[in-house]
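Colleague: how would this look folded up:
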Amino acid sequence: MGVQYFNVTLSQCDYQKVIPTGMVRLIASDLVFFFNLADFKHGEVFLKKLEQGDELVICAERLNDGSYWINWVFHQTKGRLEPDREVGFHRGMLKSLLWALGLSSFSILAYFCFAYDEESFWLILLGSLACLAVFSGVVMGALVIKEICYIISPRRKWILKALDKVIAGQYQITPENTPQINILGTRNPKIKPMKVKAVREPKMSQEDELNLTRGKVNLVESFQSAIMRYRGPQEICNITIIQIDRKQFTVITPVNEPVFNNHSLFMAQGDDIEVYHKKLRQAENEEIVFGIFNRQDQLAYSISRGGWPPERSFYYLLWIFMVGMIAFFTLMVLSMNTADILERGGYWDRWDWQYMMDNGIEFIGMASSISLGIGFLSALCITIYFSVSQRGRIHFQTQYYLRYLRLKRGKSGYVTEVRV
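Modeller: Next up is the predicted model:
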């Protein structure tokens, strides 16, 4: 959903003793908002001025779980949080762009190395190094283009223009019983009402039944540590030790911020939470946390460990990977056939097109079959994992139970997946 504008009454502001550090949660008019302090100048000064009952105008974008990510906040007398208005082009971007073009030019060298008929170890090595340089150049160029798009983005200008109109008082509160506002000359998408679904409480087998601990959370300690994978590289993760009713749990979350319109697992000191945990083996002392339901903001998180991908995101990425592989093979066939015709004089006739179609369709069909086969086998393996492995089975059932808790409270059935 696009950018939305709200007039809300603040009921809770959490930015001290929270995880992850630097993330802020605002609960206002039964809506939940998040943002990072580092995204705004003097953000902590503004937050210190806020009090319960303050009326705020907020520009935000909806996330998958129904919460919102803030673009700016305005208060009539206590100031505002706004994005940097002085973002512009600089010399560093030009240097990065020149480096990207220079590295990408190695594609010519890579082509001649692999197109040369004579098999030579040094040509293959040189061509491989040239391909690495091209890949680096493409990545660097993509990052520069992304920064340029952000600077010239009309969306960013609209957001700042809407803030200027709010400061000038050019907005109206909607007559309906909703927190949305109408800003002069600005479109505000309507919030679709939630469809209330009849839900049944999922049942777990006695072997896979989870233990539940509920209470006010005490954030004991939070730090970063390297986790050694079985036959794999080390990975830096955030380790948080929480305490509920004298029971301590270790919650492991990734360092990198999530993508796909999600947010990091958030907890504040004193939140009323439910922790779903279980010992996989009786000999173990550690209680593995499989899920967390935060009653403070009605958000749910399923936690999977061991490097296995989350179910929903995994299948999305699987389809993207397959389509990308088929597109890559298609471009490769077209470029090889075009190069072959150019070497024979560059004259295109009916037989050239027929040759390209015959060979191209055959090769693309083979590549598509291989890609679909890889996708099917990967999906089959992950399904077997969720069915056979006790850890995978409990994780899968935890997702469904957390979904049930959200639907029971009239929220969407979305559960944020945290993979470490």
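Colleague: and the end-to-end length of stretch 239-252?
Modeller: Taking Cα to Cα, to the nearest Å, the first and last residues of stretch 239-252 lie 5 Å apart.
Colleague: ok, stretch 344-354 next?
Modeller: Stretch 344-354 end-to-end distance (Cα to Cα) = 16 Å.
Colleague: distance of Asn63 relative to Thr416?
Modeller: If you look again at residue 63, you'll see it is Leu, not Asn. Separation of Leu63 from Thr416 (Cβ to Cβ, to the nearest Å): 9 Å. Glycine gets a C-beta too; all of them are placed from N, C-alpha and C.
Colleague: ugh, wrong one, Phe321
Modeller: As for Phe321, its distance to Thr416 is 23 Å (criterion: Cβ to Cβ).
Colleague: where do the helices of the stretch 51-200 of the chain begin and end?
Modeller: 91-104, 106-115, 121-152, 154-167 (DSSP state H, counting those that start in this stretch).
Colleague: what about the residue of the chain most remote from its centre, which SS state?
Modeller: Distance from the C-alpha centroid of the chain peaks at Gly345, with 49.4 Å (Cα atoms, centre = their mean). Three-state assignment for Gly345 (DSSP: H, G, I helix; E, B strand; the rest coil): coil.
Colleague: roughly how far apart are it and Asp352?
Modeller: Distance from Gly345 to Asp352, by Cβ to Cβ: 10 Å.
Colleague: and what of Gly92?
Modeller: Distance from Gly92 to Asp352, by Cβ to Cβ: 46 Å.
Colleague: which of those two has more neighbours?
Modeller: Asp352 (15 against 10; other Cβ atoms under 10 Å).
Colleague: hang on, the earlier thing: the residue farthest from the centre of the chain: what's it in contact with?
Modeller: Shown in contact with Gly345 (Cβ atoms under 8 Å, 6 or more residues apart in numbering): no residues.
Colleague: next one: Arg200
Modeller: Residues near Arg200 by Cβ under 8 Å, 6+ apart: Tyr404.
Colleague: now do the helix or strand of the chain with the lowest mean pLDDT: distance to the chain's middle.
Modeller: One helix or strand of the chain scores below all others by mean pLDDT, DSSP states H and E: helix 311-343, with a mean of 70. In terms of Cα atoms, centre = their mean, to the nearest Å, the centre of helix 311-343 is set 24 Å apart from its chain centre.
Colleague: what of stretch 399-415?
Modeller: Per Cα atoms, centre = their mean, the centroid offset for stretch 399-415 relative to its chain is 20 Å.
Colleague: now do the end-to-end distance for it.
Modeller: End-to-end distance of stretch 399-415 (Cα to Cα): 7 Å.
Colleague: mind listing what's buried in it?
Modeller: Gln399, Tyr401, Leu402, Arg403, Tyr404, Leu405, Arg406, Leu407, Lys411, Gly413, Tyr414, Val415 (16 or more other Cβ atoms under 10 Å).
Colleague: would CSV of those residues with secondary structure be doable?
Modeller: As requested, the buried residues of stretch 399-415 are exported to CSV (three-state DSSP):
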residue, secondary structure
Gln399, helix
Tyr401, helix
Leu402, helix
Arg403, helix
Tyr404, helix
Leu405, helix
Arg406, helix
Leu407, helix
Lys411, coil
Gly413, coil
Tyr414, coil
Val415, coil
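Colleague: let's have these in a markdown table, adding pLDDT and distance to Leu103.
Modeller: Listed next are those as a markdown table, based on pLDDT from 0 to 100; distance: Cβ to Cβ, whole Å:
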| residue | pLDDT | distance to Leu103 |
| --- | --- | --- |
| Gln399 | 87 | 43 |
| Tyr401 | 90 | 50 |
| Leu402 | 93 | 45 |
| Arg403 | 91 | 46 |
| Tyr404 | 91 | 51 |
| Leu405 | 92 | 50 |
| Arg406 | 92 | 47 |
| Leu407 | 90 | 50 |
| Lys411 | 88 | 48 |
| Gly413 | 87 | 45 |
| Tyr414 | 89 | 40 |
| Val415 | 90 | 42 |
